[in-house]
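Visitor: curious how this folds, go ahead:
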Amino acid sequence: MSCVLQTINIHVKRDLSRLVVNNQQTDWSFKVDEFIHHSSQEDMYNSVAKNVVQQALNGYNGTIMCYGQTGAGKTYTMTGTTENFQYRGIIPRAIQQVFKEVEERIDYMFIVRVSYLEIYNENLFDLLFTLPDTPASDSQLAVVDDAQGVHVKGLSIHLTNNEEEALNFLFEGETNRVIGCHTLNKNSSRSHCIFTLYIESRKRNSSDDKYLTSKLNMVDLAGSERLHKTGSEGQMMREALYINKSLSFLEQTILALADPRREHVPFRQCKLTHVLKDSIGMNNNTVLVANVYGNAEQIEETVRTASRIP
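Guide: Coordinates of the predicted model:
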């Protein structure tokens with residue numbers, strides 16, 4: 001990913017007959033690492049994820065997040081579709097890259113594990129609970145921050161030996177996600193989902209038994225919503241309030257991490273930021289993909305999404 005920032009200029013023609021833009025502002029300018037438009041899933045992956053995955057194989061924690069309004073393509077970017085590999089998203093491609101590297105680094109021993117966590121209305125759920133080797137548990141999942149780092153107590157973590165096994169875990173978890181239907185998206189994700197690869201490695205001929213460990217989180221965030229546009233009511237409206245609140249806390253956390261004057265980073269404000277505490281900011285690799293609609297009717301949400309990039 002290029003270190004030279006790119007500038008995105010947005011212009012909307014003034015329309016006196018429709019309130020498309022608040023306060024009639026017609027021009028905005030934002031700086032991003034890269035602007036990706038009309039690109040293939042492969043180009044997207046190479047631009048935003050490939051280096052983070054490579055660094056995870058070298059022992060550095062990383063997080064890749066897709067953020068944006070509901071229906072803007074976050075889940076497609078992160079997961080893609082299963083019909084054809086060219087349409088697969090970041091997670092399947094990361095799995096492929098990891099196991100390709102495992103095969104090629106013959107002088108290293110690797111252990112790869114996976115988990116799939118869902119955060120719905122500030123409650124934690126194991127998306128792989130349906131697997132036969134997942135131990136039954138009546139206790140609620142909880143975020144624990146101890147000497148071993150941040151982890152979710154009760155979350156099942158599964159050893160995987162190859163790409164096919166890891167993909168099966170991903171597809172199993174996808175079937176258990178909470179979705180809903182509203183005006184902007186008939187398959188709207190109602191939760192934040194975090195697919196994590198845990199990687200351990202050490203040289204085969206090393207006398208040191210210690211493993212190099214890292215964690216790679218790939219996060220499909222629930223879509224930010226404007227209730228008057230989605231038409232959400234009842235349960236879906238309550239879900240939207242939880243979603244928007246946690247996204248606001250995520251924004252506060254990222255802004256705090258980007259401010260060298262801040263002594264305290266509010267990781268514990270919500271489950272999402274607490275779970276990601278040891279994988280975003282500081283010496284970790286973090287990428288935020290801002291998914292936006294391209295049409296003028298959604299300019300308000302596009303500007304709100306772009307303005308959240310620090």
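Visitor: when you work out contacts or count neighbours from here on, use the C-alpha atoms and nothing else.
Guide: Fine.
Visitor: can you list contacts of the host helix or strand of Asn51?
Guide: In the assignment (DSSP states H and E), Asn51 maps to helix 50-57. Identification of contacts with helix 50-57 by Cα atoms under 8 Å, 6 or more residues apart in numbering yields 1, 61-64, 94, 97-98, 199, 214-216, 285-286.
Visitor: what do you get for stretch 92-103?
Guide: For stretch 92-103, with Cα under 8 Å, 6+ apart as the criterion, the contacting residues are 45, 49-50, 53-54, 57, 79, 108-110, 162-163, 166-167.
Visitor: averaged pLDDT, that stretch. What do you get?
Guide: Mean per-residue pLDDT for stretch 92-103: 97.
Visitor: centre of the chain to it, how far?
Guide: 18 Å (Cα atoms, centre = their mean, to the nearest Å).
Visitor: show me what counts as buried in that stretch.
Guide: Buried positions in stretch 92-103, judged by neighbour count with 16 or more other Cα atoms under 10 Å: 92-99, 102.
Visitor: would you turn those into a markdown table with distance to Lys245 and secondary structure?
Guide: Below are the buried residues of stretch 92-103 laid out as a markdown table (distance: Cα to Cα, whole Å; DSSP: H, G, I helix; E, B strand; the rest coil):
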| residue | distance to Lys245 | secondary structure |
| --- | --- | --- |
| Pro92 | 29 | helix |
| Arg93 | 31 | helix |
| Ala94 | 29 | helix |
| Ile95 | 31 | helix |
| Gln96 | 34 | helix |
| Gln97 | 34 | helix |
| Val98 | 34 | helix |
| Phe99 | 37 | helix |
| Val102 | 39 | helix |
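Visitor: any idea which of the residues you listed is the one closest to Asp259?
Guide: Of all the buried residues of stretch 92-103, Ala94 has the smallest distance to Asp259: 30.1 Å, by Cα to Cα.
Visitor: what about the helices in the stretch 151-300 of the chain?
Guide: In the stretch 151-300 of the chain, the segments counted as helices under DSSP state H, counting those that start in this stretch are 163-174, 227-230, 234-258, 271-275, 299-307.
Visitor: most neighbours per residue, which of those?
Guide: helix 271-275 (a mean of 22; mean count of other Cα atoms under 10 Å).
Visitor: got the contact list for Asn284?
Guide: For Asn284, counting by Cα under 8 Å, 6+ apart, the contacting residues are 60-63, 278.
Visitor: ok, now how distant is Asn168 from Thr63?
Guide: Between Asn168 and Thr63 the computed distance is 21 Å (Cα to Cα, to the nearest Å).
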